[in-house]
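Asker: What follows is a predicted structure for the sequence shown.
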Amino acid sequence: MLLEPPRVLSSLIKSPRPPLFPPPQEKKKSFIAQPPPRRRHHRRSPPPPIPSLLLSSSLVPRSLLGSAMYRAAASLASKARQAGSSARQVGSRLALSRSYAAKDIKFGVEARALMLRGVEELADAVKVTMGPKGRNVVIEQSYGSPKVTKDGVTVAKSIEFKDRVKNVGASLVKQVANATNDTAGDGTTCATVLTKAIFTEGCKSVAAGMNAMDLRRGISMAVDAVVGTISANGEREIGELIAKAMEKVGKEGVITIADGNTLYNELEVVEGMKLDRGYISPYFVTNPKTQKCELDDPLILIHDKKVSNLHAVVKVLELALKKQRPLLIVAEDVESEALGTLIINKLRAGIKVCAVKAPGFGENRKANLQDLAILTGGEVITEELGMNLEKFEPQMLGTCKKVTVSKDDTVILDGAGDKKSIEERAEQIRSAIELSTSDYDKEKLQERLAKLSGGVAVLKIGGASEAEVGEKKDRVTDALNATKAAVEEGIVPGGGVALLYASKELDKLPTANFDQKIGVQIIQNALKTPVHTIASNAGVEGAVVVGKLLEQDNTDLGYDAAKGEYVDMVKAGIIDPLKVIRTALVDAASVSSLMTTTESIIVEIPKEEKEAPAMGGMELKVGGPNLHGLFLQGPLAASGVRPTSAARTPPLCRPHHRVALPHALVREACACMSRSRRILACAAAAAAVSSPPRLPRAPPLLSTSRARLFSPSSLAHEIAEEGRSVGEEEPRGKRPAAAELRLFDTRTKAAVPFRPRVEGKVAMYVCGVTPYDYSHVGHARAYVAFDVLFRYLKYLGYEVNYVRNFTDIDDKIIKRANEAGEDAISLSSRFIDEFHRDMYELQCLPPTHEPRVTKHIEQTIDLITKIMDNGKAYTIEGDVYFSVDNFPDYLSLSGRKVDQNRPGTRVAVDARKQNPADFALWKSAKEGEPSWESPWGRGRPGWHIECSAMSAHYLGNVFDIHGGGKDLIFPHHENELAQSQAAYPESEIISLYHPMALRLFLMRTHYRSDVNHSDTALQFASGRLYYIYQTLHDGEETVSLYGEHKLENSIPADDQKLIEENHSNILEKMSDDLHTTAALDHLMKLQQKLEHQKKKQSQKQQQQQQQKKPEDYIQALVALQNEVTDKLSILGLMPMSSLAEALKQLKDKALKRAGMTAEQLQQMIEQRTLARKNKDFAESDRIRTELSALGIALMDEPTGTLWRPSEPELAEGSTIIIHRKDHINLAPKYSASPPPNRAAANQYKSTHALLLNPA
């Protein structure tokens, strides 16, 4: 029997549709010191260095602050650019433009020597991996166990030096290794060793007085005369495995590498096709351990359009059910009612079914589907041939022996198509390859040919441990790439001897002068390094081996380091691809020559890291004559409460988003600040020295290199030193105070004024997750909401003690651990690490405390003992139960009655209990479960008693705020439907959308309202975020162009009014129960009002507006950016990286969603440009429409066509998933909750079928 979902499930979970974004083009800035510009009519002495004030500048989403500010900022930026520019005097230690830090310049020998140190140290770490007896390198990782590898490029990537100039040299060597790896797929260690050898000798020669340019010419001449190769790690077993794989699938086949399940390496060859798309929803998974969907002998439906019709899907499902066979649907997309029907029948009717998006786009997608149809013996159901899903016939379905679908790809094995038809199709593709003149088309055709005719070979790498398997996979990957390279360009004798013997030929190379000859000798000596290094790693004297080989004339003779003997390398099977050595040598020589001819290096001066004083809202840092940083966090609370220390909280403004302004701007820039900020600016102008920011402790298992969040401090100390009271205001830039904060109290069912029990301090407890699986959108929904509350409380000046627990022992954890054959504590720890990683991506600030149940067993036992002493609990055979009959206030929070609850709904019926609703506080030990000693025998905590224990331990018996999901008001209960239909895994969304786009999407709805989750909404948030960051980036560029203006004018009155109104309205809405949606609505009205006023401006007013000085625009622009940054910080929407990097990340995510590369997109843009040039507007419109469907908006500019992610319109009724609501319970009392009755459970399923449970 087929099950159709309720209408509310009509869209269910579907993978986000791909949009695209344009890479921001950052302007290159010169940091080289230069004299002031000369003037023709009068001479003026150069001004002395001017201290620079770095103001935080990062824009808040237009959806949160309204288009008015953004348009005003964009207008200011445009007009200021047109007003003119002036030359910029830059000192070698002056803060410059967006780089916001002073620069240090090294010259000549000193510069090259420091670079050489970095090159040598990195190369020494890499070269130990070279050769068959190369040593392993152990690399510490920020999370997880250390990595053991013999892969040169992996070692190089892991190295970074504290010294900036050394790091420049190391980074250039990494470029060599990466370039070699990208081109040839192997030879990274060889390239690194050659770079060191060439650069070392080059530095010596230049220091001895040689002409650097002649040396470079000599090196280039020598490289052109050498063709050689080098092998990284020849291993017979791996070589034989790869040789067999190449033999089976041919050069057109696909070879993949996977982890094996045994101690030995295995080769699995299948005749099939691999599609680069995985399942649309994770609910199609049939194997939870491998997270794959496996279908044996399935029916395969192939459709070139979107599948959204419920009745068509039902017809196909009925056929699959009738034949008792699984079903695979491959289509452009599966959405709406169709997807809901597939999932609900998979979950509740047990039908094996899976839906996969067709790979590629446009004509390439159609060709891929046709290939699949021929391979499986089916037909493509396409409207071009007059067919649709309603008219499909059973014979149109294809089939195969097996289909394996993962999150990323689909492998179709042993298709039932006619062999003759498959060969004919392959021949057609080969002919098309020969006729094609487009590299892009050839590449796609070759991919199709490989999938259709070559088959798939899987190399399963075995080992005794995960570390051993990982190290083997690195070597197999290198060997596989080397083999493919050998097929392309041929082979030469391995072991470094090809390079060694090539060095003899350089003796005959003519040169123009002595310096060029020295350059040739540098290459000649460097070519001996690979053999020398391989021999040394094998434990023999490298110089002896090199000398012996050069004494004889057999160019195939080499040193077999594995056996320790001299052999004929070709006969022994020790060979290297020509492409690998050629690429390694060319890349090494190119970068080494550049470094040898380097005469100056400019690096950023590292900031001193000192302990920050205990301050709470801002942080000031002064260095020498230049003011390097001003970190702004927010105004003090209107009540006058001074904020206190909050040592672990990252600041809401990061130093990556600051605009450098000369001291002359300080006074006017302060005009747009709150009073507390002006005080700090005055202290800065007086050169009051304070400690720089320090890096806080990163979330557990997160790389500190990624955690670019700086610790905040209090402003109260600065205010006291300035001698001003908290309530004192200055006339310039006066801001209205924040409205009284009101929060929704679940107990009273109303928004009430928030007044903490201790003045200036807030105690907040939020129920955390039960870590038995990966985070999903429901977790993001809850914890982003409470993160906004956390940030806003800190913004208002409160010291917040934020506690969020982990229930790391629970029935669900034990069940999952048993299924996976893993220890329950280890499993929960692993998913806690994943949770931390997800929260970090969403920029959720770490709580003050994150207690775990297993670390607080003693406190839990103490609390249970107190409950029993008070007569509210009883024990039966080692179990302890809470007695709901003895607790009159039970259910006061949810307003329910005990007699409304039906036995067995939440808690299993146990005849031993006094009341069926009684729930376990302590469970007696069972075999195979973790347990602890207690007064009632060994056992473990029961149902969420730990929340009471941990909150009391960290916050006391009574605290200010208790938060959790709305489903936590009512008891935690087993609801299989709600869990199985929870939503996307959060990691899946973050892989396709920028974390800040997801955060912005969640904030567009009030935290106590349902979230309408759709692809369109996520695309809209992503496009809006791009617009926000791009606008701010443009503003920063504008400010940097006019950094030397002596701005003394005030901010224009209309701009000042806009800023003040915006500030007041945002705080008013945020103080109204965190009403972000209301703030958005108000600001959109503000935008409309501003546009209306501009239209009514008279011509005279417009002329007056145009007569504004550029200083006015810059002044207002800085003020706008500071205001927007301030509000963006409250919401945690500032990017961790630079704006340019955030824009690039947004574009990369968009390209991934669209399933195309930047090169493919550029080719389509060029095709459209050509069509427009030929006045083929139909073709031009077609390309624009096709890209628009993928979320790409094209912008035709005078300089060419640019692209950016589009912002689709949000249609009404586009709900796909209804998420749970969140609640905040003020000053709670401890009470247990009852199980739901059946009626309530049914209502929950129908109206909130996708409500999420954070615990």
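Answerer: Ah, there it is.
Asker: Give me the phi and psi for Asp104.
Answerer: Phi and psi for Asp104, reported as degrees, to the nearest 10, are phi -120, psi 140.
Asker: can you count the residues close to it?
Answerer: The number of residues packed near Asp104 is 16, by other C-beta atoms under 10 Å. Glycine gets a C-beta too; all of them are placed from N, C-alpha and C.
Asker: Disregarding residues adjacent in the polypeptide, which is nearest to it?
Answerer: Nearest residue to Asp104, sequence neighbours excluded (C-beta to C-beta, 6 or more residues apart in numbering): Ile605, at 4.8 Å.
Asker: Quick check, the one you found in contact with Lys103.
Answerer: Yes: proximity of Ile605 to Lys103 meets the contact threshold set by C-beta atoms under 8 Å, at 6.6 Å.
Asker: about what we covered before: could you check how far the residue nearest to Asp104 is from Ser431?
Answerer: 62 Å (C-beta to C-beta, to the nearest Å).
Asker: ok, the two, which is more surrounded?
Answerer: Ile605 (16 against 11).
Asker: Can you pull out the low-pLDDT segments for the stretch 801-950 of the chain?
Answerer: 887-911, 943-944 (pLDDT under 70).
Asker: what do you get if the cut-off is 90, keeping everything else the same?
Answerer: Within the stretch 801-950 of the chain, the ranges that satisfy pLDDT under 90 run 805-846, 848-850, 852-938, 940-950.
Asker: And the pLDDT at Ala243?
Answerer: At Ala243, the model reports a pLDDT of 61.
Asker: quick one: the helices in the stretch 1101-1250 of the chain?
Answerer: Assigned by DSSP state H, counting those that start in this stretch, the helices in the stretch 1101-1250 of the chain fall at 1110-1130, 1139-1154, 1158-1173, 1177-1189, 1238-1247.
Asker: Need the winner for burial among the ones you listed.
Answerer: The highest mean neighbour count among the helices of the stretch 1101-1250 of the chain belongs to helix 1110-1130 (a mean of 26), with neighbours defined as mean count of other C-beta atoms under 10 Å.
Asker: Number of residues surrounding Gly131?
Answerer: 28.
Asker: go on, Gly386?
Answerer: Neighbour count of Gly386, defined by other C-beta under 10 Å: 7.
Asker: same check, this time on Gly878
Answerer: 14.
Asker: Pull the contacting residues for it.
Answerer: 922, 924-925, 936-939 (C-beta atoms under 8 Å, 6 or more residues apart in numbering).
Asker: between these, which has the most around it?
Answerer: Busiest of these [other C-beta under 10 Å] is Trp922, holding 26 neighbours.
Asker: Wait, a strand at that one?
Answerer: Yes: counting by DSSP: H, G, I helix; E, B strand; the rest coil, Trp922 is part of a strand.
Asker: And what about the nearest residue to it once chain neighbours are set aside, helix, strand or coil?
Answerer: Distance criterion C-beta to C-beta, 6+ apart; nearest residue to Trp922, sequence neighbours excluded, is Val880 at 3.9 Å. Counting by three-state DSSP, the backbone at Val880 sits in strand.
Asker: do you know how far Val880 is from Ile809?
Answerer: 16 Å.
Asker: Repeat that for Leu1018.
Answerer: 35 Å.
Asker: Also Asn1122?
Answerer: Counting by C-beta to C-beta, the gap from Asn1122 to Ile809 is 48 Å.
Asker: How is this structure divided into domains?
Answerer: Following automatic domain parsing, one finds the domains of the chain at 106-234+476-602, 237-471, 856-943.
Asker: in the sheet, who's paired with Ala355?
Answerer: Counting by DSSP bridges, Ala355 is bridged to Ile329.
Asker: List the residues that contact it.
Answerer: 279-281, 284, 307, 328-331, 334, 339, 342.
Asker: again, only this time at 6 Å
Answerer: 280, 329, 334, 342 (C-beta atoms under 6 Å, 6 or more residues apart in numbering).
Asker: Out of those, which comes closest to Tyr802?
Answerer: Ile280 (37.2 Å; C-beta to C-beta).
Asker: Got the phi and psi for that closest one?
Answerer: phi -70, psi -40.
Asker: do you know how far it is from Pro132?
Answerer: On the measure of C-beta to C-beta, Ile280 and Pro132 end up 46 Å apart.
Asker: where does the stretch 1-150 of the chain dip in pLDDT?
Answerer: Judged by pLDDT under 90, the stretches of the stretch 1-150 of the chain that qualify are 1-123, 125-137, 139-150.
Asker: please redo it, this time with the cut-off set to 50
Answerer: Applying pLDDT under 50 to the stretch 1-150 of the chain flags residues 1-70, 72-74, 76-100.
Asker: What is the neighbour count of Met130?
Answerer: Neighbours of Met130 (other C-beta under 10 Å): 28.
Asker: Spell out the secondary structure type for it.
Answerer: Strictly by three-state DSSP, Met130 counts as coil.
Asker: got the contact list for Phe882?
Answerer: 873, 918-919, 921, 1232.
Asker: Which strand residues bridge it?
Answerer: Applying DSSP bridges, one finds that Phe882 bridges with Ala873, Phe919.
Asker: thought the residue nearest to Trp922 was touching Phe919?
Answerer: No: with contact defined as C-beta atoms under 6 Å, Val880 does not reach Phe919; the gap is 10.2 Å.
Asker: coming back round to it: and the least confident of the contacts of Ala355?
Answerer: Val334 (85).
Asker: Isn't that one up against Ser308?
Answerer: No: counting by C-beta under 6 Å, Val334 sits too far from Ser308 to count as a contact (7.6 Å).
Asker: who's more crowded, those two?
Answerer: Using other C-beta under 10 Å as the criterion, Val334 and Ser308 rank with Val334 on top: 26 against 18.
Asker: ok, the more buried one to Leu549 distance?
Answerer: In terms of C-beta to C-beta, Val334 sits 63 Å off from Leu549.
Asker: Repeat that for Ser600.
Answerer: 41 Å.
Asker: Please compare those two by neighbour count and tell me which comes out ahead.
Answerer: For Ser600 versus Leu549, the count of surrounding residues by other C-beta under 10 Å is larger for Leu549: 22 against 11.
Asker: That one belongs to a strand, doesn't it?
Answerer: No: counting by three-state DSSP, Leu549 is located in no strand; its state is helix.
Asker: Show the model's pLDDT score for it.
Answerer: 88.
Asker: Same check on Leu1041?
Answerer: 64.
Asker: So which elements touch the helix or strand hosting Ile1066?
Answerer: Using DSSP states H and E, Ile1066 sits within helix 1053-1071. Counting contacts by 3 or more C-beta pairs under 6 Å, 6 or more residues apart in numbering; DSSP states H and E, helix 1053-1071 is packed against helix 1076-1095, helix 1110-1130.
Asker: can I get the CA coordinates of it in CSV?
Answerer: Coordinates of each C-alpha in helix 1053-1071 appear next as CSV, following Å, rounded to 0.1, in the frame of the first residue of the first chain:
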residue,chain,number,x,y,z
ALA,A,1053,22.3,66.4,8.5
ASP,A,1054,20.2,64.0,6.4
ASP,A,1055,22.8,61.3,6.7
GLN,A,1056,23.1,61.8,10.4
LYS,A,1057,19.3,61.7,10.8
LEU,A,1058,19.2,58.4,8.8
ILE,A,1059,21.9,56.9,11.0
GLU,A,1060,20.2,57.9,14.3
GLU,A,1061,16.8,56.7,13.2
ASN,A,1062,18.2,53.4,12.1
HIS,A,1063,20.1,53.0,15.4
SER,A,1064,17.0,53.7,17.4
ASN,A,1065,14.6,51.5,15.4
ILE,A,1066,17.0,48.5,15.3
LEU,A,1067,17.5,48.5,19.1
GLU,A,1068,13.8,49.0,19.7
LYS,A,1069,12.9,46.0,17.6
MET,A,1070,15.8,43.9,19.1
SER,A,1071,14.7,44.8,22.6
